[in-house]
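**Student:** Dropping a prediction and its sequence here:
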Amino acid sequence: MSAPPKTMRALVLSAYDGPAALEVVDKPVPVPGPGQVLVKVEAAPVNPSDLTFLRGRYGFTRPLPTVPGFEASGRVVAGSGGYARALQGRRVACGVQRQGDGAWAEYILVDARGACVPLLPGVTLEQGATLLINPFTALALVEQAQEGRHPAVVQTAAGSAVGKMIARLCARRRIGVINVVRRPEQAAELRAAGAEHVLCSGDADFGARLGERCKTLRATLAFDAVAGPLTGRLLEEMPPGSRVVVYGALSGEAPVVPPGPLIFERKRVEGFWLSDYLGTLSLPGLVRRAARVQRSLGGDLRAEVRARVGLGGGRRRHPGLRAGDERRQGAHYALGRARLDPSKVQASVPIGVQLRGLMSRKLPRAGPAPDWPPADQRRADGVSGPL
Ligand SMILES: NC(=O)c1ccc[n+]([C@@H]2O[C@H](COP(=O)([O-])OP(=O)(O)OC[C@H]3O[C@@H](n4cnc5c(N)ncnc54)[C@H](OP(=O)(O)O)[C@@H]3O)[C@@H](O)[C@H]2O)c1
């Protein structure tokens with residue numbers, strides 16, 4: 001394997017002003033420290049959390065300038081330390097740490113023992129790029145429904161990538177789903193895809209219909225990605241003892257919750273953050289779960305790419321990420337290594353994520369089955385048998 005170059009292109013954020021503050025610049029390729037690997041990035045999605053980060057409204061900020069991007073896929077090209085070296089040459093999905101630069105660059109440094117997961121044969125680098133955030137979130141939320149023995153759940157922003165994953169996972173587990181969307185077109189799309197219960201939050205009778213469905217289906221758990229007044233509306237209409245888990249704030253507003261349901265009906269509102277959830281998993285636990293998720297990437301946990309944009313070159317604004325894009329969610333972009341093909345990108349490019357197709361360049365064939373963690377590490381970590 002040839003040595004990495006000295007410089008690379010990266011999308012750099014110079015102010016917490018949204019996509020307008022992004023520029024393609026040349027940077028030195030970072031050198032792995034102990035326990036770190038250098039990953040040559042093949043694809044990285046643009047998720048709602050990235051857009052929130054660009055505005056400085058995510059759960060944390062980093063000193064500027066910084067490279068955004070919370071997850072990616074690629075190939076490990078260098079590593080420091082025995083364990084990291086064992087990953088050398090592997091195709092991996094990786095989550096980006098809180099400190100340091102993110103994934104919208106040609107190379108990233110990743111903690112080998114953190115969220116760096118070898119891809120199974122047959123999983124494309126495009127699929128692997130969105131392995132860690134949305135599928136893990138959908139799975140973790142649905143497990144809450146399963147463990148709490150909730151016969152049905154309510155979910156908002158049901159037309160989102162996570163929402164569709166939640167709906168498929170629930171269907172397989174025979175958990176009812178009341179899907180709440182904000183547009184009739186989205187409602188029609190979900191119904192056409194087989195969703196039985198779909199409500200539009202803008203309809204005059206929304207509250208009454210939500211209350212009636214919750215009662216009939218005994219929906220006592222809600223996954224809310226919108227927040228604002230909708231959180232309170234869910235709480236009011238759900239049966240006594242219900243719980244609303246807020247895991248996103250697509251409305252850009254804080255949840256508005258009336259006190260009555262909390263005080264008199266034992267209802268609760270709480271949050272979910274994937275980062276906390278991943279922190280509860282051991283390394284073997286993460287690897288096992290990642291393998292399970294990968295097997296469903298073509299099925300229940302599939303994502304769609306709405307557009308693909310290249311990283312571009314030269315010191316200039318990124319052509320695919322423009323001011324105002326973050327107002328248009330639902331279009332997950334993959335920043336691939338292919339150059340931007342304007343015919344594939346809509347005029348005002350939305351940069352949510354909706355993985356639908358991907359890079360126009362041919363993806364490398366999947367490599368051999370990963371032996372990861374290496375056998376000695378598996379023993380040390382208590383992992384036995386095939387992952
Ligand atoms: N807490 C965590 O750890 C965690 C992890 C992963 C994801 N998330 C959250 O999960 C949510 C979904 O992510 P995703 O990647 O699946 O999103 P996505 O595919 O980009 O889809 C976003 C969806 O939200 C809808 N939407 C946007 N603004 C809305 C509003 N104000 N009211 C109602 N609906 C609205 C969009 O509908 P239109 O088509 O009408 O625009 C679209 O269907 C996001 O909030 C994300 O931050 C949280």
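**Tutor:** Perfect, thanks for sending it. Residues are numbered from 1 along each chain as shown.

**Student:** OK, contacts around residue 175?
**Tutor:** 142, 145-146, 150-153 (CB atoms under 8 Å, 6 or more residues apart in numbering). Just so you know, the C-beta spots here come from the backbone N, C-alpha and C atoms, and that holds for glycine as well.

**Student:** quick one: pLDDT of it?
**Tutor:** If you check residue 175, the pLDDT there is 98.

**Student:** Is the nearest residue to residue 56 once chain neighbours are set aside in a helix, a strand, or coil?
**Tutor:** Leaving out its chain neighbours, the residue that sits closest to residue 56 by CB to CB, 6 or more residues apart in numbering is residue 16, at 3.0 Å. Counting by DSSP: H, G, I helix; E, B strand; the rest coil, the backbone at residue 16 sits in coil.

**Student:** domains for this structure, by residue range?
**Tutor:** 7-130+303-378, 133-275 (automatic domain parsing).

**Student:** Could you confirm whether the shortest one reaches the ligand?
**Tutor:** Yes: using CB under 6 Å from any ligand atom, domain 133-275 reaches the ligand at 133-134, 137, 157, 159-162, 182-183, 186, 225-226, 247-248, 250-251, 272-274.

**Student:** Tell me the buried residues within those residues.
**Tutor:** 133-134, 137, 157, 159-162, 182, 186, 225-226, 247-248, 250-251, 272, 274 (16 or more other CB atoms under 10 Å).

**Student:** And residue 8, what's its pLDDT?
**Tutor:** 96.

**Student:** do the same with residue 214
**Tutor:** pLDDT at residue 214 comes out at 98.

**Student:** Measure how buried residue 266 is and give me the count.
**Tutor:** Here the number of neighbours of residue 266 (other CB atoms under 10 Å) works out to 11.

**Student:** same thing with residue 218?
**Tutor:** 13.

**Student:** and it, backbone torsions?
**Tutor:** phi 60, psi 50 (degrees, to the nearest 10).

**Student:** The one 5 residues further on too?
**Tutor:** Here is the backbone geometry of residue 223 (degrees, to the nearest 10): phi -110, psi 110.

**Student:** Bridging across strands, which residues link to it?
**Tutor:** residue 155, residue 245 (DSSP bridges).

**Student:** Ranking helices and strands of this structure by mean pLDDT, which lands last?
**Tutor:** helix 375-381 (a mean of 37; mean pLDDT, DSSP states H and E).

**Student:** Show me what residue of this structure gets nearest to the ligand.
**Tutor:** For the chain, the residue closest to the ligand is residue 248, as judged by CB to the nearest ligand atom, at 2.2 Å.

**Student:** That residue and residue 3: what is the separation?
**Tutor:** According to CB to CB, to the nearest Å, residue 248 and residue 3 sit 41 Å apart.

**Student:** which stretches of the stretch 201-350 of the chain have low pLDDT?
**Tutor:** Within the stretch 201-350 of the chain, the segments meeting pLDDT under 70 span 312-350.

**Student:** So which residues of it form strands?
**Tutor:** Remark: strands assigned in the stretch 201-350 of the chain by DSSP state E, counting those that start in this stretch are 219-224, 243-246, 268-271, 307-310, 316-317, 333-336.

**Student:** what's the second one packed up against?
**Tutor:** I take that to be strand 243-246. Applying 3 or more CB pairs under 8 Å, 6 or more residues apart in numbering; DSSP states H and E, we find strand 243-246 packed against strand 219-224, helix 229-237, strand 268-271.

**Student:** so how far is the second one from its chain's centroid?
**Tutor:** Its chain's average C-alpha position is 25 Å from that of helix 229-237, according to CA atoms, centre = their mean, to the nearest Å.

**Student:** And for the last one?
**Tutor:** Taking CA atoms, centre = their mean, one finds the center of strand 268-271 at 21 Å from the center of the full chain.

**Student:** Equivalent analysis for stretch 161-173, please.
**Tutor:** Distance, centroid of stretch 161-173 to centroid of chain: 14 Å (CA atoms, centre = their mean).

**Student:** and what of stretch 57-70?
**Tutor:** 16 Å.

**Student:** buried stuff in it?
**Tutor:** Going by 16+ other CB under 10 Å, stretch 57-70 has these buried residues: 58, 62, 66-70.

**Student:** Rounded mean pLDDT for the strand or helix carrying residue 153, please.
**Tutor:** Using DSSP states H and E, residue 153 maps to strand 152-155. For strand 152-155, the mean pLDDT works out to 98.

**Student:** now do stretch 59-68
**Tutor:** On average, stretch 59-68 scores 96.

**Student:** does the ligand sit close to it?
**Tutor:** No: contact between stretch 59-68 and the ligand is absent, the nearest approach being 8.8 Å (criterion: CB under 6 Å from any ligand atom).

**Student:** Need the residues that contact that stretch.
**Tutor:** Contacts for stretch 59-68 (CB under 8 Å, 6+ apart): 10-16, 22, 27, 50, 53-54, 98-105, 108, 273, 275.

**Student:** Which of the buried ones among the residues of domain 133-275 next to the ligand fall within helices?
**Tutor:** 134, 137, 161-162, 186, 274 (DSSP state H).

**Student:** Show me which pair in these is furthest apart.
**Tutor:** Greatest spacing in those, by CB to CB: 186 and 274 (23.8 Å).

**Student:** Please enumerate the helices of this protein.
**Tutor:** Using DSSP H, helices in the chain cover 48-54, 82-86, 125-128, 134-147, 161-172, 184-192, 206-217, 229-237, 259-264, 274-279, 283-295, 375-381.

**Student:** winner for burial among these?
**Tutor:** helix 125-128 (a mean of 25; mean count of other CB atoms under 10 Å).
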